[in-house]
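Participant: Sequence and predicted structure are below.
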Amino acid sequence: MPNPFISGTFADRHIGTDDAAQASMLAAVGYDSLESLVDAAVPPAIHQTPIVNSTIPAPASEREALAELRALAGANKIRRSMIGLGYYDTITPAVIKRNVLENPSWYTAYTPYQPEISQGRLEALLNFQTMVADLAGMTTTNASMLDEGTAAVEGMLLARRAARVESPVFIVDADTFPQTKALLANRAEALGIELVEIDLATLGANPELPECFGALIQYPGATGRVWDSSEVIAAVKAHGGLAVVAADLLALTILKSPGELGADVAVGTTQRFGVPMGFGGPHAGYMSVRKGLERQLPGRLVGVSQDAAGDPAYRLSLQAREQHIRREKATSNICTAQVLLAVMASMYAVYHGPQGLKRIAQRIHHDTAKFAARLTAAGYTVENETFFDTLSVTKKGQAQAIAAKALESDILLYVVDADTVRLSFDEVSTQPYGGMLAAQENDLAEAFGLESGYTTPLDDSSIPEALNRTSEYLTHPVFNTHRSETSMMRYLKYLADKDYALDRGMIPLGSCTMKLNAATEMEAVSWPEFAGIHPFAPAEDVSGYLVMISHLESWLTEVTGYDTASLQPNAGSQGELAGLLAIRGYHRANGNPERTICLIPSSAHGTNAASAMLAGMRVVVVACDDLGNVDLDDLRAKIAEHASEIAALMITYPSTHGVYEHEVREITQAVHDAGGQVYVDGANLNALLGYARFGDFGGDVSHLNLHKTFCIPHGGGGPGVGPVVAKAHLAKFLPGHPMAQSQHHPAFDMQTGAAGPYVHAGGAVSAAPYGSPSILPITWAYVRMMGSAGLKAATGAAVLSANYIAVRLREHFPVLYAGDNGLVAHECILDLRPLKEATGIDNNDVAKRLIDYGFHAPTMSFPVSGTLMVEPTESEDLAELDRFIDAMIAIKEEADAVAAGTWPADDNPLINAPHTAHSVIAGDWDHSYSREQAVYPLSSLVSGKYWPPVRRVDNAYGDRNLVCSCPPIEAFAH
Amino acid sequence: MAEKSELQYTAEHEWVLVDGNVATVGITDFAAGKLGDIVFVDLPKVGATVAEGKIVGEIESTKSVGELFAPVAGTVVESNDAVADSPELVNSDPFGEGWLVKIEFTELPSMLSLDEYTALTGE
């Protein structure tokens, strides 16, 4: 039945199945309409009532949405930011912008858990790790952190894990960025860590330090100061603590590295390596450690292993450290990272090479030194005698006046106090052949009242002699080859060709919602009015952003049944943490600090448990029944046992098993009756949107994943946005930020235009007040173009596709778990354990064989070991769904042939999968099956096949022989 | 390699070979098989005092992490350096070269026989 609300609109482009396809799929599933199917699947008790006075307007066309985005962009004011504080303007090489940031081969890929089809971005990430480790003078780098502030927090937590010191004290250098201090304070408080702030640079020789498990030093300091911290670092280590240095990577091209100063850990951001400021993000943070601390690294780590043919191949290493396996014992809760941005930053280094980067740094430093000399000559005091790119300038009572004068010329300075302004120079303020841009220099001179054209000789003592960098970096050929744009373009294409992303076919990963990232949605991300804004720009410069964020806050609270939203968390894991910290704050404010137990069902994603630990909670596991639902009896028993200590229950809805749990209202009621709060994990919101709302069935707070339900691309493993949405009673405990442009949420009420009613006064969880705003136009455009009816239609189509696959494959593979009327939600779990029992072929063999058939494997062994979880999303059309079903059936037949003895158990197309072109061409073919069977098992593959670049990757080899930087070229000689 | 029938076992899938007042400890083939390819072991240092039933180390595979519990209270007198360098020994020879630690004890708790342990794993 045609849907009169959506036909002819963007929703028709977004949803892959048209009316005719849906009709035939519904017939296969046994329903006569989408509405009747979803009504039968979603328990009646939670169906939402129609929303009156919706804040979501009727759907706009793609052209209309872009016009509205242009208007919002026009309300932002681009000025020359010299604010600094970890965010600097930078020139994104156009070849990187077009071929990475705006290229679906890069931005629609998933996290590289299937290494055979991810070699391109794994190589790019290995370049990233090598780049950071080289510059920081460290051994091993991860890929990547969410921003500098959270990287500093992770550095603190690493120090606490690794230091053999009982002290709860962590020292923070007074000259640290204010937002980093705010994050450290918020996170330390929940974990019982005592922060002690000391102006470390002033301690002099043989510094005396209190006992501590670690210290953070900003290098160069927030004031711009460049000082030799090696004695302080030695003093920290003498106590058994670990020294963490937050370092500016560009400065490290001319400054001695943290490693050479003796640091154990280096953290920071790679933003100024060609990634736009974007009003705060997304950018890739980094963490790099000295030898011996590799296993303490949080997050994802790319390593070199080998494939079945013995050739080098990349993969994610040491995954057993991560939260999806170690749960509450994980090194961190971080999962989604910032892969797309890490790739951009690494390619900036590949393109410029060590000499190019150094030249950029030298020019910036030269301009800074020159301007410092002019200021000094004119009677100003430059507080920091040493500097790389930042000057703290004092003149009694004049700071506001100077900044106001600069603002008249559209230059933003940072006002520290009544007497001090700070300014940071960057790549954009320099000319390509050296010297500051004349217009900017003149405007700046005017702001400070300097005589025009006056220059003084350079004083080169601004970098202490001992801190001049003498060690080499970026010596690997990859950083010394691609100087021409032709070469760079081809390298990016060469890497992209190795990978499987949504531009090749379906990525049916359960719990990941790999839906369309529409071109129109992506359009505005790189517009300068969104990309070129500093996160601490004045409120009057960012009203376009604040209006857009207000819309999103209103829309997201409406569709989830909550009252207020914060877009600050940079990933789902951070949203979880923010939500749990809000619950913690609420209990403490109510005089119940003893409420620290977080109930988590055994079926939950491991991140839940890891986040709970970081929020200072203790995890108590609640059993699940045979159907994967929360065991109500066990829940009641656990509640009775812990009664007054219950802080929260974390529950995923629909469950991680892809089932709409019937008893969810009883579950949430039981927790509320015990005085606990209910956290509903929004990972599976794509099965619910438009049909039921978390807030209506008992949720107090949730996080959403805009990179799942709301179309932000996965970027090969980030960026993500994990907004936290909550009921009013938790509003004041949601994340605030010391530099937020508005204290109110929403900043502008959609109806009245006045400031919204909620103030978020909790601690910050991200370095920037609004997290990663430059990718919010994606979600804004999606909701704007879908409208409420379109969002609901997408849910229906997603649920239909999952049930269609379940019905079609059920006779070949058992489908685990189903809810009402035998229906699944938006994903289904195929049980491959019987297949293994009967044929010896396991889910890993099937996953790798799917590559030969041209597919990305579904989610493996989550939430149940030995299974595949399939989530097709609403964006795939019927032909693609059938292609997947046909592939799965054909693979089942192949496994049966192994069981029947047609092919030996140790030589068949499944256990040898995937097959590279080389493997079927080179040498003699001595296998029990044909070359055609190996690579063209279906005739449709002949005309368009994805060829994996490597054979099956050996996981154990890579973990036993850890190598996390670029291998020498010779390693690839055949 | 010791005869399986001469060993004692724990419910944590560890085996113990008693020789005088020293217990040699490893994990069973069942445990090694469940963990899969072992890539890293973290063992207690020689001289460390360990308490019965407490976690004293970790055995990490490509897909999960198992914990090593001290089956007896006492002092660690030897850690298997060969396993630290080549963790795959735990997979290839769990009852022999893949042993993990030797603990000097004063009192031996009651443990499982091979039959009792086999009944536990159902294999």
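Facilitator: That came in fine, so what should we check first?
Participant: Taking the stretch 801-950 of chain A, what residue is nearest to chain B?
Facilitator: In the stretch 801-950 of chain A, the residue that lies nearest chain B is residue A:861 (8.0 Å; C-beta to the nearest C-beta). Glycine gets a C-beta too; all of them are placed from N, C-alpha and C.
Participant: In this structure that residue contacts residue A:867, no?
Facilitator: Yes. Look at residue A:861 against residue A:867 with C-beta atoms under 8 Å: they come within range, at 6.5 Å.
Participant: For the two, indicate the residue with more neighbours.
Facilitator: residue A:867 (26 against 16; other C-beta atoms under 10 Å in any protein chain shown).
Participant: What values do phi and psi take at that one?
Facilitator: Here is the backbone geometry of residue A:867 (degrees, to the nearest 10): phi -120, psi 170.
Participant: correct me, but residue A:594 touches residue A:643?
Facilitator: No. Assessed by C-beta under 8 Å, residue A:594 is found out of contact with residue A:643, at 10.5 Å.
Participant: mind listing what the residue nearest in space to the middle of chain B touches?
Facilitator: Nearest to the centroid of the C-alpha atoms of chain B, with distances taken as C-alpha atoms, centre = their mean, sits residue B:26, at 2.2 Å. Residue B:26 is in contact with B:14-15, B:90, B:94-95, B:98-100, counting by C-beta atoms under 8 Å, 6 or more residues apart in numbering or on different chains.
Participant: Could you tell me the average pLDDT over the helix or strand it falls within, please?
Facilitator: Element membership for residue B:26, per DSSP states H and E: strand B:22-27. For strand B:22-27, the mean pLDDT works out to 96.
Participant: just stretch B:49-63 next, same as before
Facilitator: 92.
Participant: just stretch A:721-730 next, same as before
Facilitator: 98.
Participant: which neighbours do residue A:861 and residue A:867 share?
Facilitator: Counting by C-beta under 8 Å, 6+ apart, the shared contacts of residue A:861 and residue A:867 are residue A:843.
Participant: if I look at residue A:652, how far off is residue A:332?
Facilitator: 20 Å (C-beta to C-beta, to the nearest Å).
Participant: Look at these two and report which has more neighbours.
Facilitator: residue A:332 (28 against 25).
Participant: buried set for the lengthiest helix in chain A?
Facilitator: Of all segments of type helix in chain A, defined using DSSP state H, the longest is helix A:339-377. Neighbour counts over helix A:339-377 (16 or more other C-beta atoms under 10 Å in any protein chain shown) mark A:339-354, A:356-361, A:363-376 as buried.
Participant: ditto for stretch A:487-505
Facilitator: Neighbour-count burial for stretch A:487-505 [16+ other C-beta under 10 Å]: A:488, A:491-492, A:495-496, A:498-502, A:504-505.
Participant: Please name the bridge partners of the residue nearest to the centre of chain B.
Facilitator: Beta bridges link residue B:26 to residue B:15, judged by DSSP bridges.
Participant: count of neighbours near the residue in the stretch 151-300 of chain A that chain B sits nearest to?
Facilitator: Residue nearest to chain B within the stretch 151-300 of chain A (C-beta to the nearest C-beta): residue A:295, separated by 7.3 Å. By the measure other C-beta under 10 Å, the count of residues near residue A:295 is 19.
Participant: Would you mind listing what in chain A touches chain B?
Facilitator: Contact residues (C-beta under 8 Å from any C-beta of the partner chain) of chain A with chain B: A:295, A:319-320, A:325-326, A:329, A:955-956, A:959-960.
Participant: could you redo the last one with a cut-off of 10 Å?
Facilitator: When proximity is defined as C-beta under 10 Å from any C-beta of the partner chain, chain A approaches chain B at A:295, A:315, A:317-321, A:325-326, A:329-330, A:861, A:865, A:954-962.
Participant: Just the buried subset of those, please.
Facilitator: A:295, A:315, A:317-321, A:325-326, A:329-330, A:861, A:954-960, A:962.
Participant: Now, those that are in strands?
Facilitator: residue A:315 (DSSP state E).
Participant: Sort out for me which of the buried ones among the residues of chain A next to chain B are in helices.
Facilitator: Reading helices off these with DSSP H, I get A:325-326, A:955-960.
Participant: Please produce JSON lines containing the residues you listed, extended by pLDDT and distance to residue A:637.
Facilitator: Compiled in JSON lines, these are given as follows (pLDDT from 0 to 100; distance: C-beta to C-beta, whole Å):
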{"residue": "A:325", "pLDDT": "77", "distance to residue A:637": "27"}
{"residue": "A:326", "pLDDT": "80", "distance to residue A:637": "26"}
{"residue": "A:955", "pLDDT": "91", "distance to residue A:637": "39"}
{"residue": "A:956", "pLDDT": "92", "distance to residue A:637": "41"}
{"residue": "A:957", "pLDDT": "92", "distance to residue A:637": "45"}
{"residue": "A:958", "pLDDT": "92", "distance to residue A:637": "43"}
{"residue": "A:959", "pLDDT": "91", "distance to residue A:637": "39"}
{"residue": "A:960", "pLDDT": "90", "distance to residue A:637": "43"}
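Participant: closest to residue A:590 among the residues you listed?
Facilitator: residue A:326 (32.3 Å; C-beta to C-beta).
Participant: Could you check how far that closest one is from residue A:610?
Facilitator: With C-beta to C-beta as the criterion, residue A:326 and residue A:610 are 8 Å apart.
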